[in-house]
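Student: got a sequence here, can you model it:
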Amino acid sequence: MSSTTTEAKKNPEYWKPSNDEISDKEKFISKAKKDPFVPLGFVGLLGAIGYGVYAYKSRGPAMTTSRYLMRLRVVAQSMVVGSIVVGVGLKQFGENS
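Tutor: Down below sits the predicted model:
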């Protein structure tokens, strides 16, 4: 048995972070303040996944799975390119100010 396992059994508080360590929630909040597009992108990703599942379930019989996935790929790629263009534009605008 390793010393870590023995220590954890002796002291149930062993695995908890100390007070000087930063929690995951605090890390997320500080990163969101530093770069707000990351959480917005994550929310957008979840929305796109939800829409994709809904649209796949309600697609008509004329659209095969391969055609649907090809269309979804094109939409996803255009969203990525658009977000890169917006991010670069905002960065350039922020540097010039």
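Student: so how far is stretch 48-57 off the chain centroid?
Tutor: Once both centres are worked out by C-alpha atoms, centre = their mean, to the nearest Å, stretch 48-57 turns out to sit 17 Å from its chain's centre.
Student: and stretch 23-33, by the same measure?
Tutor: 14 Å.
Student: can you check stretch 87-97 too?
Tutor: The answer for stretch 87-97 is 23 Å, by C-alpha atoms, centre = their mean.
Student: now swap in stretch 50-64 and tell me
Tutor: With C-alpha atoms, centre = their mean as the basis, stretch 50-64 stands 24 Å off its chain's centre.
Student: now do the helices in the protein.
Tutor: Under the criterion DSSP state H, helices of the chain are mapped to 3-10, 24-34, 37-57, 65-96.
Student: which outside residues touch the second one?
Tutor: Outside helix 24-34, the residues that touch it by C-beta atoms under 8 Å, 6 or more residues apart in numbering are 22, 38-39. In short, each C-beta sits where N, CA and C put it, glycine included.
Student: adding distance to residue 79 and pLDDT, write these out as a markdown table.
Tutor: Output for the contacts of helix 24-34, formatted as a markdown table (distance: C-beta to C-beta, whole Å; pLDDT from 0 to 100):
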| residue | distance to residue 79 | pLDDT |
| --- | --- | --- |
| 22 | 32 | 80 |
| 38 | 15 | 74 |
| 39 | 16 | 79 |
